[in-house]
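1. Just a sequence and a predicted model for now, questions to come.
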Amino acid sequence: MSCRRRECITLVTMSAFWHPFADMTSVQDNPFIVDRAEGVYVYDEAGRRFLDAAASLWYTNIGHGRSEVIEAVNRQMEKLPVFHTYIDYATRPALDLAERIAAVSPDPGSKVFFGSGGSDAIDTAAKLARRYFHAIGQPERTVFIARSWAYHGMHAYGTSLGGMEPNRDGFGDLVAEIRFVPYDDPDAVKAVVDEVGAERVAGMFAEAVIGSGGVRPVPTEYLKQARETIREAGAVYISDEVITGFGRLGDWFAANRFELEPDMMTFAKGVTCGYAPLGGVVASPRIAEPFFETPGLIFRHGYTYSGHTASCAAGLAVMDIIESDGILDQARRLETVLFEAFQSLLDLDVVTEIRGGVGALVAVQLDESDPTLASRAAGAVRQHGSVLTRAIGGGGLQVSPPLTMTDDEVDAMVEGFRKGLESL
């Protein structure tokens, strides 16, 4: 590197790490460094303890530091850390995990396609939908329907399908033929189908509870009506389960809880609870059939780490824990406990609404007149309340703790929020 000595000294004192979704002018010299974690607690390098209100980034459903997962990954690393799964190659953990996921999906006859995370899963599902329709002689089906406030990852398809405009600004049109509808209006879905023509609609992406867009539940009737509209159009309904899957809503998948019978589901986060990167798509028999029954018909898609061996070992261990520890039951308990506990914050002037009540998910909605308030509030809750949360779409604060959290820890979390918000 060519530079004068003083300039080089300045450069090396700054971190080389580029944080996702960050204003680097403010964070590059002052990162909050997480050093270790256990259960529902996180510790910084100074040894200070914080309650993890967000399960890191929605995913640590079974809690931090589970030795069962760590040991399972270590055993697999010692035997075979990784080998690719292209063409006819496979590893036993990938085969076994696919079988177990299919078995708890709405249709046990489904097939599972792995990637490295949720953004991979969204791109996989979108490409598979278009490839499926091309394979059955309907290549004109290219239009996808997405919802306001939706978040579907940050690959090209996910960025284009996202219903939060700041996440799309400045990138141009990455994927064409995306139509947006209000997140809570089923009639708008029907209107788009009628406008573009049912024969041109490829599918709809929908979170049962919008997560990063502000924790926005909708009535079960909305989901079923939207699903039926898409079914009648001959298109595919894709349930985005990246946040809601593997226990967050008190079932393996939201599609199970709400009896949605989706054509595809995307998953990530909870499948390994963050202990290793993994995600994928569950494809119903309808979608998989042409590719499994037609010689020479190939879905030419995949990733270097599709079915990553050690990651799949982590997924198997996580599913064992979800079953043995009754994590689904714990999530159903937290559904009520969390929503009721956070109602106590409504006496604060800065809090305008508590959203949630469906699964272990809550948003503490703050006054939207100040667009900087939520990010400042997250920092205040961390500093004054020793609780980790973050700003989410629409000016709220995220609550999605590990599903192992006790009632006493919920009370401590709410008190931490109160201290932080009062400090504003």
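-> That came in fine, so what should we check first?

2. gap between the helix or strand residue 313 falls within and the chain center?
-> In the assignment (DSSP states H and E), residue 313 maps to helix 309-324. Distance, stretch centre to chain centre, for helix 309-324: 18 Å (Cα atoms, centre = their mean, to the nearest Å).

3. same deal with stretch 101-121?
-> 14 Å.

4. where does this structure dip in pLDDT?
-> Residue ranges of the chain with pLDDT under 70: 1-13.

5. go again using 90 as the cut-off
-> Along the chain, segments meeting pLDDT under 90 span 1-15, 29.

6. how's it carved up into domains?
-> Using automatic domain parsing, the domains assigned to the chain come out as 19-52+326-423, 67-324.

7. among those domains, which is the most enclosed?
-> Most buried of those by mean neighbour count (mean count of other Cβ atoms under 10 Å) is domain 67-324; its value is a mean of 20. The way it works is simple: take the backbone N, C-alpha and C, and place the C-beta from them, glycine included.

8. quick one: whichever helix or strand comes after the helix holding residue 313 to helix 309-324, angle?
-> Using DSSP H and E, the helix or strand that follows helix 309-324 towards the C-terminus is helix 327-342. Relative orientation of helix 327-342 and helix 309-324, computed by axes from the mean of the first three to the mean of the last three Cα atoms, to 10 degrees: 70 degrees.

9. Helix 327-342 - contacts with which helices or strands?
-> strand 351-356, strand 362-366, helix 407-423 (3 or more Cβ pairs under 8 Å, 6 or more residues apart in numbering; DSSP states H and E).

10. do you know which of those lies nearest residue 327?
-> helix 407-423 (15.5 Å; Cβ to Cβ).

11. As JSON lines, the domains of the chain with distance to residue 59 would be great.
-> As requested, the domains of the chain are exported to JSON lines (distance: least, Cβ to Cβ, whole Å):
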{"stretch": "domain 19-52+326-423", "distance to residue 59": "9"}
{"stretch": "domain 67-324", "distance to residue 59": "4"}
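
12. Just grab the bridge partners of residue 179 for me.
-> residue 145 (DSSP bridges).

13. just checking, it touches residue 146?
-> Yes: counting by Cβ atoms under 8 Å, residue 179 touches residue 146, with 7.4 Å between them.

14. in the stretch 1-150 of the chain, which spans are helices?
-> 5-12, 24-27, 55-58, 67-79, 92-104, 118-135 (DSSP state H, counting those that start in this stretch).

15. What of the stretch 151-300 of the chain?
-> 156-161, 186-196, 220-232, 254-257, 285-293.

16. Compare those and give me the one nearest residue 324.
-> Short answer: helix 254-257, nearest of the helices of the stretch 151-300 of the chain by Cβ to Cβ, at 19.4 Å.

17. that older thread, out of the helices of the stretch 151-300 of the chain, the one nearest residue 108 is which?
-> helix 285-293 (9.6 Å).

18. what packs against that closest one?
-> Right, helix 285-293 is packed against strand 111-115, helix 118-135 by 3+ Cβ pairs under 8 Å, 6+ apart.

19. And the contacts of that helix?
-> 107, 109-111, 128-129, 132, 135-136, 236, 263-264, 297-299 (Cβ atoms under 8 Å, 6 or more residues apart in numbering).

20. Recalculate using a threshold of 6 Å.
-> Helix 285-293 is contacted from outside by 109, 111, 132, 135, 263, 297, 299, using Cβ atoms under 6 Å, 6 or more residues apart in numbering.

21. my read: the fifth one touches residue 236, true?
-> Yes: under the criterion of Cβ atoms under 6 Å, residue 263 is in contact with residue 236, at a separation of 3.9 Å.

22. Between the two ends of stretch 392-410, how far is it?
-> 20 Å (Cα to Cα, to the nearest Å).

23. For residue 327, give its distance to residue 384.
-> In this view, residue 327 and residue 384 are 31 Å apart by Cβ to Cβ, to the nearest Å.

24. And for residue 150?
-> 33 Å.

25. Could you list the alpha-carbon positions for stretch 57-69 in CSV?
-> The C-alpha trace of stretch 57-69 is given here as CSV (Å, rounded to 0.1, in the frame of the first residue of the first chain):
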residue,chain,number,x,y,z
LEU,A,57,-30.6,-11.8,15.2
TRP,A,58,-33.9,-13.8,15.8
TYR,A,59,-32.1,-17.1,15.8
THR,A,60,-30.8,-18.4,19.1
ASN,A,61,-34.0,-20.2,19.9
ILE,A,62,-32.4,-22.9,22.2
GLY,A,63,-30.2,-20.3,24.0
HIS,A,64,-26.4,-19.7,23.9
GLY,A,65,-23.7,-22.1,24.7
ARG,A,66,-25.5,-25.4,24.2
SER,A,67,-22.8,-28.1,24.6
GLU,A,68,-24.8,-30.7,22.8
VAL,A,69,-24.6,-28.7,19.5
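
26. Please report the distance of the residue lying closest to residue 257 once chain neighbours are set aside from residue 403.
-> Leaving aside its chain neighbours, residue 257 sits nearest to residue 251 (4.3 Å; criterion: Cβ to Cβ, 6 or more residues apart in numbering). According to Cβ to Cβ, residue 251 stands 12 Å off from residue 403.
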